[in-house]
Structures are given as C-alpha cells and as structure tokens.
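Participant: The following comprises the amino acid sequence and a computationally predicted model.
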Amino acid sequence: MSEASVDGAALNMPECVPARMVNEYVYCPRLAYIEWVQSDFAHNFETVDGQYRHRAVDDEKGCLPAEVEDGDVIHARSVWLSAAAENLTARLDLLEARGKTATPVDYKRGAAPDVPGGAWEADKAQLCAQALVLRANGFECDQGVIYYSASRTRVPVAFDEDLVSRTRVAVQELRQLSESGPIPEPLCDSPKCPRCSLVAICLPDEVNLLASGVKTEEDGVRRLLPARDDALPLYVQQQGARVSKSGEVFEVWQKRDRLAEARIFETSQICLFGNVQVTTRVLAV
C-alpha cells in the first residue's frame, strides 16, 4: 500500500489502479483525483443513463476456466482481473477469447466520436489497461473493441507500442498524483466541465477565478449549474395572449383578462407556442 497525504491526513492508497480511473485521469486529472483519492462522486443524467445502458454486461455470466486450452471458446461478462506487475486492476465488461487469444470489449453509453481512430483517447487508454491486465494473466491481446451503445458501433482498437506506452505513463502519473497530495488545478474554460457529474464538487471556474485574483462581474463566470433547481417553466399556449411584467411577477393577458401569473424568481424560462406577444420589460429580465 502507498501513502497519500490529503490536507495533512495520510491515506493508504491501493497499489493497483482500476482501469476506469485511467480513463478518468486521461480525461481530466482533477476528476480522477476527486474520485480516486478523495472518494467523492455524484450522479447526473449521463452517469445514471450509463448505468442503465451498462446493465447487460454488469450481470456476471460465464467465467474463465482455471486452465485455458487452445481450443477453448470464452465469452464471459463482468470479469475481474488484476496485474500487480502493471499496478492495474480491471473489470472487463466482456471478454471474448479463443484459447489464449483474448479480445476485451468495453461498453460506452455515447456515440462513436468523429475523431481519428473512431474512439476517444481516454476510452482507448482504459481498454489498453484491460489488455495489459490480460497479458499479465497469460493471454495474448493485440486488439480490443469499444462498443458505443448510442450509435451501436463497434470500434476496433489496436494495442500498438505507442498506446501501451501512453497508458503505462498515465498509470504511473496517477499513482504519483495519489501519493503527492495536492489536487490538480481545474481545467480552464473546458467544454468537458458542464456535463461532468462532479462539476459541483470540482467548481472549476470558481477555483480558477479565485486563483487569478481578478475581480470580475457575475456574467464573467460561466453558469455551469442552474441558479435555482426548484424554478419551473411558464408555458403560454393561448393564441393572441400577451406576456407582461408587473413588479416581480410575469402576467399573461388575453385582451383585458388576466389568464395567469408567475413570480419571476420562481420561473426558469418562458415557453411561447404560436401567436403570443412578449413586452419589452419581459425581454429585459
């Protein structure tokens, strides 16, 4: 076990890094630190939907025989293996093997990206970490597959020396990071942040703003979370209606008849359907 120091407190970190954490580190070192070292996590729609799409391969089915023969055909789900020499442990979504030749298949909730190689770098690093674990357990593993469920696409990934080297460097850097103590700086103005489930824990823009020491207007900071999560939309479907503002209230009028009202601070948005007018004072809110 290795020791990591977080805010002055010593933590015992496992020697083997989960392959999933390799993915997180390549995506964002700060994200990996929050999850791996601080053990903080929060769900959002993407993570919950990912768990739902992942349910088929989370069900353990099939197993690795104690002795693998040349003619054996293996099709096993949710296989957990470790490799102390590589400082890695991995839960393989799906393992397809014929004898000692193995192909790991990793499931992802999104669509296959339009990038060189057809897969995100973080996803390739996670799959390569699984391959290193398989090799350490006596399998031959030169290629794997990433299955992107949203587009139903199988993307082959070759484990060349360059990818293997990048993956091993990521594992080593993550282990060093867990031992060094200080949390990495947040990403700066990154498009990764708004959809990250840990954005309310990481606070990237707030931390960067405080670190800069620059005073700025409120609009100078991205709003990554809604100001109020209990606000509701105002829907206006009455044809010929008019939306106006009176004090701190939105009012919906049909000629001289007031049809509805909604307090401004309780309204997240106004949705108009058809022939509906909006006053200038409403647009200024």
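Facilitator: Sure thing, it's come through.
Participant: from here on, contacts and neighbour counts on C-alpha atoms
Facilitator: Noted.
Participant: What ranges in the stretch 1-150 of the chain fall below the confidence cut-off?
Facilitator: Along the stretch 1-150 of the chain, segments meeting pLDDT under 70 span 1-11, 56-63, 65-66, 69.
Participant: where exactly do the helices run in it?
Facilitator: For the stretch 1-150 of the chain, the helices defined by DSSP state H, counting those that start in this stretch occupy 19-27, 29-36, 45-53, 55-58, 121-136.
Participant: Next one: Q126 from Q239, what distance?
Facilitator: To Q239, Q126 is 54 Å away according to CA to CA, to the nearest Å.
Participant: Looking at the two, which is more packed in?
Facilitator: For Q126 and Q239, the more surrounded residue by other CA atoms under 10 Å is Q126, and the numbers stand at 23 against 13.
Participant: which residues does the closest residue in space to Y27 that isn't next to it in sequence contact?
Facilitator: If the residues on either side of it in the chain are set aside, Y27 comes closest to A122, at 5.6 Å by CA to CA, 6 or more residues apart in numbering. Counting by CA atoms under 8 Å, 6 or more residues apart in numbering, A122 touches V22, N23, E24, Y25, V26, Y27.
Participant: Please tell me how far the first one sits from Y147.
Facilitator: Look at V22 and Y147: by CA to CA, they are 18 Å apart.
Participant: out of the two, which sits in the more crowded spot?
Facilitator: Neighbour count, other CA under 10 Å: between V22 and Y147, V22 has more, with 29 against 21.
Participant: who's in contact with P184?
Facilitator: Contact analysis of P184 by CA under 8 Å, 6+ apart lists P29, R30, Y33.
Participant: err, F250, not the other one
Facilitator: By CA under 8 Å, 6+ apart, F250 lies in contact with V243, S244, E261, A262, R263, I264, V282.
Participant: Dump those residues into CSV; add secondary structure, neighbour count and distance to S165 as well.
Facilitator: Listed next are the contacts of F250 as CSV, based on DSSP: H, G, I helix; E, B strand; the rest coil; neighbours: other CA atoms under 10 Å; distance: CA to CA, whole Å:
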residue, secondary structure, neighbour count, distance to S165
V243, strand, 24, 61
S244, strand, 18, 62
E261, strand, 16, 62
A262, strand, 16, 59
R263, strand, 15, 58
I264, helix, 19, 56
V282, helix, 16, 58
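Participant: out of those, who's nearest I201?
Facilitator: Nearest to I201 out of the contacts of F250 is I264 (CA to CA; 28.4 Å).
Participant: Show the contacting residues for that closest one.
Facilitator: If a contact means CA under 8 Å, 6+ apart, then I264 has E248, V249, F250 as its contacts.
Participant: Show me what counts as buried in stretch 86-106.
Facilitator: 86-97, 99-106 (16 or more other CA atoms under 10 Å).
Participant: CA atoms only for stretch 241-249, dumped as CSV, please.
Facilitator: Taking C-alpha atoms only, stretch 241-249 is exported to CSV below (Å, rounded to 0.1, in the frame of the first residue of the first chain):
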residue,chain,number,x,y,z
ALA,A,241,-52.1,36.2,-25.5
ARG,A,242,-49.6,38.8,-24.2
VAL,A,243,-46.9,38.3,-21.5
SER,A,244,-46.1,41.4,-19.5
LYS,A,245,-44.2,42.2,-16.3
SER,A,246,-45.7,43.8,-13.2
GLY,A,247,-43.3,44.3,-10.3
GLU,A,248,-41.7,40.9,-9.6
VAL,A,249,-44.4,38.9,-11.4
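Participant: for that stretch, which positions count as buried?
Facilitator: For stretch 241-249, a neighbour-count test (16+ other CA under 10 Å) marks A241, R242, V243, S244, K245, V249 as buried.
Participant: Before I go, just wanted to say thanks for your time.
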